[in-house]
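Asks: Generate a structure from the sequence data that follows.
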Amino acid sequence: MRRAVCPGSYDPATNGHLDIIERAAKLFDEVVVAVGVNKSKKGLFTTEERMDMLREITAKLPNVRVDSWQGLLVDYCRENDIIAVAKGLRSVSDFDYELQMAQMNRELTGLETLLMANNPAYGFVSSSLVKEVTALGGDIEHLVPPIVFKRLSEKYSERG
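Replies: I've put the predicted structure just below:
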């Protein structure tokens, strides 16, 4: 079985993330959407909240499962028989960073990385930007899956 991982913080997931996950699901037998756990960072959503949203978002994709990981991604991949990382690229700066990560992962364990050009409709969308625009009262409904829009709206209405 050819298994890939789509790693990220997904705080929150965007339509750009979903596009990459869907495309990877067409290329691999199984895709693991892995939420990175970094205890030193305080996200808007907890790891469990992110995973719950991702499960709902990817429910229509039978070969996709959601998990979390902590530590080195290459260790997680080795432990879960994952042969490749699938990531999206929005810009040249994404490419510079992802290329270095891909080369390091290959050096450490031989893990391959598939870097996919984003859908141009989502080239400007990032989780950080979505949160910032939402906090300032902007409309991001068309940039995120419906469950994410609902949860973002709830989070920011709780904060006043």
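Asks: What are the boundaries of the helices in this protein?
Replies: Ranges of helices in the chain, per DSSP state H, are 15-27, 47-57, 73-79, 92-109, 127-135, 146-159.
Asks: Output these in TSV; the columns should cover mean pLDDT and distance to residue 33.
Replies: (C-beta placed from N, C-alpha, C; glycine too.) As requested, these are arranged in TSV below (pLDDT from 0 to 100; distance: least, CB to CB, whole Å):
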stretch	mean pLDDT	distance to residue 33
helix 15-27	97	6
helix 47-57	98	5
helix 73-79	97	12
helix 92-109	93	17
helix 127-135	94	14
helix 146-159	90	14
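Asks: out of these, nearest to residue 2?
Replies: Closest to residue 2 of the helices of the chain, according to CB to CB: helix 15-27, at 8.2 Å.
Asks: For that closest one, which residues meet the burial criterion?
Replies: Residues 15, 16, 17, 18, 19, 20, 21, 23, 24, 25 are the ones in helix 15-27 that count as buried (16 or more other CB atoms under 10 Å).
Asks: Name all residues that make contact with the first one.
Replies: Think residue 15. By CB atoms under 8 Å, 6 or more residues apart in numbering, the contact list for residue 15 reads 121, 122, 125, 142, 143, 144, 145.
Asks: run the last query once more with 6 Å
Replies: 122, 143 (CB atoms under 6 Å, 6 or more residues apart in numbering).
Asks: got it, and the second one?
Replies: For residue 16, the contact set (CB under 6 Å, 6+ apart) comprises 118, 122, 125.
Asks: With the fourth one instead?
Replies: The contact partners of residue 18, by CB under 6 Å, 6+ apart, come to residue 57.
Asks: any idea how far it lies from residue 51?
Replies: 15 Å (CB to CB, to the nearest Å).
Asks: do the first one as well
Replies: When distances are taken as CB to CB, residue 15 and residue 51 turn out to be 18 Å apart.
Asks: now the last one
Replies: Remark: distance between residue 25 and residue 51 (CB to CB) = 17 Å.
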